[in-house]
Structures are given as structure tokens and as C-alpha cells.
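Enquirer: missing the sequence, but the structure's below:
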């Protein structure tokens, strides 16, 4: 891990993969410090538009010449290939290079850091805590895993010593962070392209928890069976708070039992920070959500309600669809699911096939490969077939254009249409909503 880099002496930073949700937040932090920021990514998005509006220079190809002569630091996402031309050029020119997780570690080093981790729910929980802290006047710096509705960004630049950050477990990257308060929302089988099994995932969370000092706090669900190795770890010597034990009757704007649990975790943070329950509860009940977390987008021209959700793991899918069913008990729900990663789809095929119970219809888009090479042994057609075997009407459709036409032609005001997945499936919802520019 890098420990000696002084950000105060850095003036011109280039980000490889700047459109990533975490990378873009750090880029905004540097922009807020009046540093020159450039970066590259594979395509435009809401996030890159936000960065450009704040003064970043964005390239949508990745090539050596994108790194200006005066760049004095390169930050890169751990998702890129070692043969990336910009990364190789930075090494050739001996420009200091640092990963996104290492950057978070340096930011957190001298701050009072609240890290929100867990396989599911960490983005919404981070955003909830941000609202509670900001409303209470604690003025934190915040890095979240989605655009927060209240602030129109995944970054808030605070002036206090509080640093609130979403902590991702992929490739153990969260071990770079130095938390004073750690939230673990849950632990589940995921990122199995990197981790060997559940025990391997648990070992990463245990190692993070072991960084907490005796005066620090771990906030978690102590009854969660997958958390037991962490809670019973003799090296975890901090205070442990069990957030499900809170008896609070929330009236949240965001639907779903999982969001009640997220709110309880956030209220526990408020208690540790000395924020009065009444004030924190009001903040949580006013919380309006984040981008791509059961986000209400409007309607189609035929009156079907449109939602978009980032859910890309069976547990997340079930939680989001359960919340929609709770909110709209009499509507027919149509799901357009874009599997994320060949490896995840293949390894969790059975779990995915059983995630859509009670849905009117499920449409599977082609698998979003992201960082992976094509794997012919798994496909959208195979997943659709397994969902049908589980008793739910399902089909695969090859293109977003054909999916859009099918949705507009076949569903009306009796239906809820929800696009789901961690890739770019949200573009389908944007295309068919009334008033869309597409």
C-alpha cells in the first residue's frame, strides 16, 4: 500500500476509468481543491457529464496521448487490464501511479472515517448516513456508490474531519481504508471471479474489522449467520452494535424491508455520533433515494410505470422485487434483467433462476461482460430457460432496440416495468419513458 504520497503537492491528476462511480467521486474531490483533472473511459454517462460540468477533461478512448505532459499523478481503477495503454505510458514516464482503493486509504488516513461495507445495501446506507450527518451540521466529505438524490452527485465535499465512504470488498480493496466506525450490512456469495468461496469473502471482512481499535465501533446484524466469524474473531476488539435490535417504526419514502434495515444501521451511526434520535429519524424519513436504486422514472406512452434498479445479485433482485410488490400489490410486474458478468451468471445460475417468483414476465438482455472475456458456456438464453423451468414466463431478446419495441407494444397501465442490472440496461428505460430525449 502507498503511504507517502502527499496530495497537497499534486496539481494535475489523470484518472484511467474516470466514469466509474468511485473514481468519479475522487475526481470531484480533487476538482473541489482546484486541481486539474483529466480522465478516460469507454463511453459517456451521467457521471462523465457531471464531471465535465465541473471542469474535468474526459476522453472516450484510452490511448497514450491522453496523459498530458504536466500530469503528476495517475489514478486507475483495479478493473482495468495491465496492458492498458495509458497505464503503460504512465509507467514508462515514471509518473506516480496509485489505485482507486489506495487513494481512499490516503484520504481516510488522517480523518475520522466511517466506512460502509457489505455485499448488499451499502450504497443506500451510505447515502442515508450522509443525509443524517449533513442535516445535523456535521459537514462530512462523502463518497458514495451512486448519485445521491438530495445532492445530485456521488460526492459531497465537506469541511469537517468526518469522512464517510462506501467500502467495496472486490479484490479486498476496502482493506486500504482506515475506519473508526465500520458498518457491515451483510455478507453474501459474490465476486466469485476473485474470491474462492464464502469463507474467503468472510476472511476479507474479518481483516477489515480487525483494523478497528478498542474505542472504535462495528455496526452490524449480529444474528446474520455469515457474520458470525467476524463477531467471534478474537482480534476484533472494538465496540459492536447490533442495529436490528433497534425498535423504530419508520415511515420511509423508499420502499422495502431491506431499506428499513439500512435505516436502522444509519440510526446506529447517528447514536454513536451524538445525533439525537428524533432529528436522525426525520432525516431518514425525508430520504428520497439514489440513482438506480428502485428509482422511479415515470411512465411509458401506454401508461406502464417505469422503475430502474442496480440489482445484479439474486439477493438484491429478490429484495427489490419484494419492495415493488409491497408497494404495488395489484400490478403486474415485468422485469428486464441484464446479467452482469459471465462468471457471476454461471456460478449463481440456480439462484438467479429462482429470483423472479411472482413476476408477470422476465426478459433477459445479453450478458454485460464488463471486465470479462466472452464465455460461450453461459448466455441470456440459458438463464431465460432456467427461469422458465422455475415457473416464470421468460425470454431472451438480443438488442436494446428490440426490447424497447417489445415493452412499448405489450404493456400498459396494468404493469410495472423494471429494468435491472449493474450494466447499461437503464438505457432501455430512458428510451421508452414519456419525454425521453432518446
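Expert: That came through, no problem. The shown structure was predicted, so the numbers you read here are calculated from the model rather than taken from an experiment.

Enquirer: SS state for residue 333?
Expert: The three-state assignment at residue 333 reads strand, by DSSP: H, G, I helix; E, B strand; the rest coil.

Enquirer: could you find the closest non-adjacent residue to it?
Expert: Counting by C-beta to C-beta, 6 or more residues apart in numbering, residue 333 lies nearest to residue 416, which is 4.7 Å off, once chain neighbours are set aside. C-beta: built from backbone N, CA, C; applies to glycine.

Enquirer: element containing that neighbour?
Expert: Per DSSP states H and E, residue 416 falls inside strand 415-420.

Enquirer: if we can go back for a sec, ok, the residue nearest to residue 333 touching residue 330?
Expert: No - in this structure residue 416 lies outside contact range of residue 330 using C-beta atoms under 8 Å: 10.3 Å.

Enquirer: for the stretch 301-438 of the chain, just list every one of the helices.
Expert: Ranges of helices within the stretch 301-438 of the chain are 314-327, 342-347, 349-353, 380-389, 400-410, 426-432, based on DSSP state H, counting those that start in this stretch.

Enquirer: highest mean neighbour count out of these?
Expert: helix 426-432 (a mean of 22; mean count of other C-beta atoms under 10 Å).

Enquirer: list the helices and strands that helix packs on?
Expert: Judged by 3 or more C-beta pairs under 8 Å, 6 or more residues apart in numbering; DSSP states H and E, the packing partners of helix 426-432 are strand 305-309, helix 400-410, strand 415-420.

Enquirer: let's have those in a markdown table, adding distance to residue 260 and mean pLDDT.
Expert: Listed next are these as a markdown table, based on distance: least, C-beta to C-beta, whole Å; pLDDT from 0 to 100:
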| stretch | distance to residue 260 | mean pLDDT |
| --- | --- | --- |
| strand 305-309 | 17 | 95 |
| helix 400-410 | 31 | 96 |
| strand 415-420 | 20 | 97 |
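
Enquirer: right, and these - which one's nearest residue 344?
Expert: Proximity to residue 344 (C-beta to C-beta) singles out strand 415-420 among these, at 13.6 Å.

Enquirer: any chance you could list what contacts that closest one?
Expert: Strand 415-420 is contacted by residues 294, 300, 304-312, 317, 320-321, 324, 328, 331-338, 360, 407, 411, 425-426, 428-429, 432 when judged by C-beta atoms under 8 Å, 6 or more residues apart in numbering.

Enquirer: neighbouring strands - and their directions - for that strand?
Expert: For strand 415-420, the paired strands and their directions (DSSP bridges) read strand 305-309 (parallel), strand 332-337 (parallel).

Enquirer: list the contacts for the spatially most central residue of the chain?
Expert: The chain has residue 145 as the residue nearest its centroid, 4.0 Å off, counting by C-alpha atoms, centre = their mean. When contacts are counted by C-beta under 8 Å, 6+ apart, residue 145 touches 21, 22, 122, 123, 126, 154, 166, 168.

Enquirer: mind checking the SS state of the closest residue to the third one other than its chain neighbours?
Expert: Same thing as residue 122. In space, and not counting its chain neighbours, residue 122 is closest to residue 116: 4.8 Å by C-beta to C-beta, 6+ apart. What three-state DSSP gives for residue 116 is strand.

Enquirer: which residues sit in contact with residue 116?
Expert: 122, 125, 126, 129, 164, 165, 166, 167, 183, 185.

Enquirer: show me the longest helix that occurs in this protein.
Expert: Counting by DSSP state H, the longest helix found in the chain is helix 257-272.

Enquirer: and the contacts of it?
Expert: With C-beta under 8 Å, 6+ apart, helix 257-272 has contacts from 114, 120-121, 124-125, 128-129, 132-133, 136, 181, 183, 185, 217, 219, 221, 241, 243-244, 246, 248, 250, 252, 276-277, 279-281, 284, 287, 319, 322-323, 326.

Enquirer: ok, now stretch 405-414?
Expert: Against stretch 405-414 from outside (C-beta under 8 Å, 6+ apart): 300-304, 331-332, 334, 336, 363, 397, 417, 428, 432.

Enquirer: most surrounded residue in the residues you listed?
Expert: Sorting the contacts of stretch 405-414 by how many neighbours each has (other C-beta atoms under 10 Å) puts residue 417 first, at 28 neighbours.

Enquirer: what separates it from residue 387, distance-wise?
Expert: Computed as C-beta to C-beta, to the nearest Å, the residue 417 to residue 387 distance reads 17 Å.

Enquirer: repeat for residue 118
Expert: 27 Å.

Enquirer: just residue 194 next, same as before
Expert: For residue 194, the distance to residue 387 - C-beta to C-beta - is 26 Å.

Enquirer: then residue 10?
Expert: Going from residue 10 to residue 387 by C-beta to C-beta gives 49 Å.

Enquirer: pop the domain breakdown of the chain in here.
Expert: 9-99, 110-286, 295-432 (automatic domain parsing).

Enquirer: may I see the strands paired with strand 415-420 organised as CSV, with distance to residue 199 added?
Expert: Listed next are those as CSV, based on distance: least, C-beta to C-beta, whole Å:
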stretch, distance to residue 199
strand 305-309, 29
strand 332-337, 29
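
Enquirer: looking at the ones you listed, which is nearest to residue 236?
Expert: strand 305-309 (33.1 Å).

Enquirer: any weak-confidence spans in the stretch 101-250 of the chain?
Expert: Counting by pLDDT under 70, the stretch 101-250 of the chain contains no low-confidence segment.

Enquirer: residue 210: neighbour count?
Expert: By other C-beta under 10 Å, the residues close to residue 210 number 15.

Enquirer: ditto for residue 399
Expert: The burial count for residue 399: 11, using other C-beta under 10 Å.

Enquirer: let's have the chain start at 8 instead
Expert: Yep, numbering from 8; the last one is residue 406 now.

Enquirer: where does it land on pLDDT?
Expert: Note on residue 406: pLDDT of 96.

Enquirer: please enumerate the strands of the stretch 58-207 of the chain.
Expert: For the stretch 58-207 of the chain, the strands defined by DSSP state E, counting those that start in this stretch occupy 64-66, 80-83, 104-106, 119-124, 148-155, 160-163, 169-173, 188-191.

Enquirer: the fifth one to strand 119-124, inter-axis angle?
Expert: Our comparison of strand 148-155 with strand 119-124, counting by axes from the mean of the first three to the mean of the last three C-alpha atoms, to 10 degrees, yields an angle of 30 degrees.

Enquirer: quick check: residue 218 touching residue 188?
Expert: No - using C-beta under 8 Å, residue 218 is not in contact with residue 188; the gap is 11.7 Å.
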